[in-house]
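> build the 3D model from these lines:
(2 chains)
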Number of protein chains: 2
Amino acid sequence: MGKEKKVYIFDSILRDGSQAQGVSFSVADKIKIVKKLDELGIDYIEAGNPSSNPKDREFFEEIRSLKLKHSKLCAFGSTRRAGAKAEEDEGIKKLVDSGVNVFSIFGKAWDFHVTDIIKTSIEENLNMIRDSIKYLVSLNKEVVFDAEHFFDGFKSNKEYAIEVLNTARLAGAKWIVLCDTNGGTMPNEVSDIVKYLVRDLNFDNLGVHFHDDSGMAVANSVVAVHYGVNHVQGTFTGVGERCGNANLSNIIANLSLKMGYNTIKNDKLEYLTVAFRYICEACNMTPNERVAYVGNCAFSHKGGMHIDAVRKNPKSFEHIDPSRVGNSRRILVSEVSGRSTILPALKRINPKIDKDSPETKAVVKRIKDLEYLGYQFEGAEGSFELLMRKELNVFRPSFELVEYKVIAERPYLSDLSATAIVKIMVNGKLETTAADGKGPVNALDKALRKALGVFYKELANVYLTDYKVRVISGTKATSAKIRVLIESTDGVSTWTTVGVSYDIIEASWLALVDSVEYKLIQCNKEENNNEKTDDYDTKNTCEPCRA
Amino acid sequence: MGKEKKVYIFDSILRDGSQAQGVSFSVADKIKIVKKLDELGIDYIEAGNPSSNPKDREFFEEIRSLKLKHSKLCAFGSTRRAGAKAEEDEGIKKLVDSGVNVFSIFGKAWDFHVTDIIKTSIEENLNMIRDSIKYLVSLNKEVVFDAEHFFDGFKSNKEYAIEVLNTARLAGAKWIVLCDTNGGTMPNEVSDIVKYLVRDLNFDNLGVHFHDDSGMAVANSVVAVHYGVNHVQGTFTGVGERCGNANLSNIIANLSLKMGYNTIKNDKLEYLTVAFRYICEACNMTPNERVAYVGNCAFSHKGGMHIDAVRKNPKSFEHIDPSRVGNSRRILVSEVSGRSTILPALKRINPKIDKDSPETKAVVKRIKDLEYLGYQFEGAEGSFELLMRKELNVFRPSFELVEYKVIAERPYLSDLSATAIVKIMVNGKLETTAADGKGPVNALDKALRKALGVFYKELANVYLTDYKVRVISGTKATSAKIRVLIESTDGVSTWTTVGVSYDIIEASWLALVDSVEYKLIQCNKEENNNEKTDDYDTKNTCEPCRA
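Here you go, the predicted model:
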């Protein structure tokens, strides 16, 4: 059943995801994520709750000017309060003021929650749902009604839970979303309940919203679609309150590749893996390497028999071709081809290079070697560009480090707790400088910039906008290996570079060096104006150098 | 259906788990895990493959002397090779020599694998299955037949897949296990196929073995049980080849607590969480904190509305009582939470405090002030406990910092790139130490631990398991404020502490200090045994101090 049927994908990472332990987005993080989800073709992006905090309100103001290609932005809120009028309700006013055209509003579908938690009558709860939806629909807004606790409500008082759905439907909600808010529902219950709603009660335009408290969120979502639901809520990486929401990267893959549904466009499926890593990065979370489809281990083979079999025929131990979701096979003992992946970037540096050039092989080998050491180039286009240039012998370092020394201490006198001494050599000239900083990395950054500033004026406007540190190996103590990703900007464009070391200062140093080297390359490109750079995030680089 | 029915639990972490990327067990690790699984009452432990490597053979020799209370040990192998006699087959000989009484042997149930991968005839494959099982049964051994690739085989050639099952059944296998070796099967397929086998073909004593390549392993397992299977294979933590096996800690909880089946004994369910952490530790893996039931976040609440509701009635946002699986509720303290959120925690320190006490107001104010500075206490229960104790004037620091100085440099000679000097004062005694480290934080951590170790032996087993750094203000350069979260463990429980500074070393220092202070408070609590700690994650703290 359901072949080719469209299933609408609704992402809530910016709202439900932000309720997860350890997640806290800046406005800039949120905008990055919105752009990425839009690029993928996610149908709805639940962008936040404008009445919950000022940060979300600021965000809604900022995104008004964003032109999205595909996604509809949605603001999240509640039905009106008991006893109030919808049009006068503070929360609903803030929803309307957010300036978007889709609203997801939640109302209680479990009688226990109505009487014992929000403490109103079950009749007034229905009025709250009806009035709120009617009012928003009267403003020509699209309403997604989240029937909170629907599955628990159905099991406790089926008639009332269904009355809630009918009330929302009659009031004009476009989507009615069955929520498993506590995440305790089993797949056989989902199939029975959805079947009943769709076949016996003729509900259509139904959605589902599952939490993963029983380890069932992805499965429950696809089971619901199998029985007729055509809207799935979740978060792209699966992060969300408690154990998380349904992982949309998995649901999209399952629905599109296994079950014949239409979710995001087929030619976007191959970006699932890179989008997963990008969004984990933006959340400052280590990507779960064992997650289905998009994890690092998803197609890695270790057992000898499995490796032999996969060599004979990949389908022997791979449920899908990994390239369909942009992932790749990893044979844990030997090299894999990645040549065709990097070829376009190589050709931009040297158009004569092809797939079989020794340089191509050398770059692939270098990537593998560095990844083995903990590097990761997916989100670090600055360091990746430098890596290619080094292997192609077209990289000329702008300076040579003779020595740095960083001293940090406590107590300290001023607010500058660290000092760095940097000695560099440029064209045979030694430059020794020192700088105090707010911490060792800042001191090092300032000292390096001070020393380089003697030679390169174009670095004056460059500063770091983000700095991420990740413990790579889940092993003992603070001696684990550390990966630093830094994002730099010159006020116009941004780029990311990476460094890996056991020493956080050294890792930061490596990323800092790549950052300035990358900037200087872009400036040279601008001057020479002889290279096209359309694939990577460098199009607008070096505006300041021109000035 | 199926109420009170026994479902046999079969753990393969020592076999399938060892095929996961990054997992490698010593014989001692394996014995630790066997004992823990036996303690829990897991029915079968697949202990290894005696013909695959000498380490497994050594292990089987060692465990002969182990007296297990409940579990049956099982050795894993293959059916005989094509053209050989079962009793002369090398692999089968090694199985028999392993000295255990249960054997799981796999045979192909997908015709494509028979003809294209092991390259024999589909008739000979049936003979291999029949002969091998008959021979082992003739030695009075219990045989678990793993029908490898059964689900893919069924979809490709149903008749042959069923012939494989029938062959194994007639040859005397006690259990016939339907394997989803590649992990690509959807739950609706599982229900259709299992229903057909059980209802139409009258199969009984069926097992299942799912992989998580589609994110479905747990769900598929419970769906199969719902339709009549009574043996589930998986690994206790979910680790296994590629994306992993079905997570047994989740399956046990779902079957026993949600679906009324009998798995491990009910009084053992409350050890699920501690066993999960213990086994992750034995695998040298960071426990996935967001995993259902047993993860650190599984019952953590952050949204203010959720916190209020859980206080009114836990079932409002908890699908089960966390204590039933030995986990506990975590109220994440954040800027949105008010006095009622923190009151229970305050009352544990001083039962006389109520919502309107000046101490309560002072703690709320302190949290807000610190959060304004960039602190975040959700998930940092260690630092939160210390904050409360400081505001209630019941905190006595274990040491006083006189000075630290950290020096990091490049180039460096050994692999230790940093040196820290720490001077602390304990009860009027000055202790000055220094340590080299892999980076400044490691050096500082080592020096602090070395200095404190002179006074406090109970810190010997504490080490850091995770270290997170976040730039808080998305502003300029490396001088932005930095938040460090560190997770520490003593091998039994874990706790998280937080530090904030412009200086990454200072932020790390603050989190390190909180980590050791928190540990020392827990040890004192144990000694005094005068405080109840049921809401927070401290129940099992300080095992090592008792010893």
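> so for stretch A:506-515, mean pLDDT?
Across stretch A:506-515, the average pLDDT comes to 95.
> close to chain B, is it?
Yes - among the residues of stretch A:506-515, A:Glu506, A:Ser508, A:Trp509 lie within reach of chain B under CB under 8 Å from any CB of the partner chain. No exception for glycine: its C-beta is placed from N, CA and C like everyone else's.
> which other residues reach that stretch?
Residues outside stretch A:506-515 that contact it (CB atoms under 8 Å, 6 or more residues apart in numbering or on different chains): A:382-383, A:386, A:401, A:404, A:441, A:444-445, A:448, A:462, A:464, A:467, A:469, A:482-486, A:488, A:495, A:497-501, B:408, B:410, B:417, B:439, B:478.
> helix or strand with the lowest mean pLDDT in chain A?
In chain A, no helix or strand scores lower on mean pLDDT, DSSP states H and E than helix A:543-546, which sits at a mean of 30.
> quick one on the thing from earlier: quick one: buried ones out of the contacts of stretch A:506-515?
A:382-383, A:386, A:401, A:404, A:441, A:444-445, A:448, A:462, A:464, A:467, A:469, A:482-486, A:488, A:495, A:497-501, B:408, B:410, B:417, B:439, B:478 (16 or more other CB atoms under 10 Å in any protein chain shown).
> can you list the buried residues in the longest helix seen in chain A?
Taking DSSP state H as the criterion, chain A has its longest helix at helix A:504-528. Applying a neighbour-count criterion of 16+ other CB under 10 Å, one finds A:504-526 buried in helix A:504-528.
> same for the helix or strand in which A:Asn127 is found, what does it pack against?
Taking DSSP states H and E as the definition, one finds A:Asn127 inside helix A:122-138. For helix A:122-138, the packing partners by 3 or more CB pairs under 8 Å, 6 or more residues apart in numbering or on different chains; DSSP states H and E come out as helix A:90-97, strand A:102-108, strand A:142-148, helix A:158-171.
> and after the last one, which helix or strand comes next?
What it means is helix A:158-171. Counting by DSSP H and E, the element after helix A:158-171 in chain order, helix or strand, is strand A:175-180.
> same check on the third one?
Going down the chain from strand A:142-148, the next helix or strand is helix A:150-156, by DSSP H and E.
> where along the stretch 351-500 of chain A do the strands fall?
For the stretch 351-500 of chain A, the strands defined by DSSP state E, counting those that start in this stretch occupy A:400-410, A:418-426, A:429-437, A:463-471, A:482-489, A:494-501.
> so how far is the first one from its chain's centroid?
Going back to what we said before, that points to strand A:400-410. Centroid separation for strand A:400-410 versus its chain: 35 Å, with CA atoms, centre = their mean, to the nearest Å.
> ditto for stretch A:409-420
Its chain's C-alpha centre and that of stretch A:409-420 lie 36 Å apart, by CA atoms, centre = their mean.
> picking up where we left off before, hey, least reliable of the helices and strands packed on helix A:122-138 by pLDDT?
helix A:90-97 (a mean of 94).
> break chain A into its domains for me.
Using automatic domain parsing, the domain parsing of chain A gives A:8-282, A:355-390+A:457-547, A:399-455.
> quickly, which of those bottoms out on average pLDDT?
Among the domains of chain A, domain A:355-390+A:457-547 scores lowest, at a mean of 76.
> which parts of stretch A:390-404 are buried?
A:Glu391, A:Leu392, A:Phe395, A:Ser398, A:Phe399, A:Leu401, A:Tyr404.
> near chain B at all, it?
Yes - judged by CB under 8 Å from any CB, stretch A:390-404 comes into contact with chain B through A:Leu401, A:Glu403, A:Tyr404.
> got the contact list for A:Lys6?
A:Asn230, A:Tyr261, A:Asn262, A:Thr263.
> out of the residues you listed, which end up buried?
Counted by 16+ other CB under 10 Å, the contacts of A:Lys6 give A:Asn230, A:Tyr261, A:Thr263 as buried.
> what is the neighbour count of A:Lys365?
If you count neighbours by other CB atoms under 10 Å in any protein chain shown, A:Lys365 ends up with 13.
> ok, now A:Ser300?
Neighbourhood size, A:Ser300 [other CB under 10 Å]: 24.
> do the same with A:Leu248
Using other CB under 10 Å, A:Leu248 is surrounded by 30 other residues.
> can you give me the neighbour number for A:Asp152?
The number of residues near A:Asp152, taken as other CB under 10 Å, comes to 23.
> and the nearest residue to it once chain neighbours are set aside, how far from A:Asn125?
For A:Asp152, ignoring the flanking residues on the chain, the nearest one in space by CB to CB, 6 or more residues apart in numbering or on different chains is A:Trp110 at 5.1 Å. Separation of A:Trp110 from A:Asn125 (CB to CB, to the nearest Å) stands at 10 Å.
> what does the stretch 301-450 of chain A put close to chain B?
So the stretch 301-450 of chain A meets chain B at A:301-303, A:306, A:309, A:312-313, A:315-320, A:330, A:332, A:401, A:403-411, A:415, A:417-418, A:437-442, A:444-445 (CB under 8 Å from any CB).
> PyMOL command for the buried members of those residues?
Entered in PyMOL, the line below selects the buried ones among these, by 16+ other CB under 10 Å:
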select buried, chain A and resi 301+302+303+306+309+315+316+317+318+319+320+330+401+404+405+406+407+408+409+410+417+418+437+438+439+440+441+442+444+445
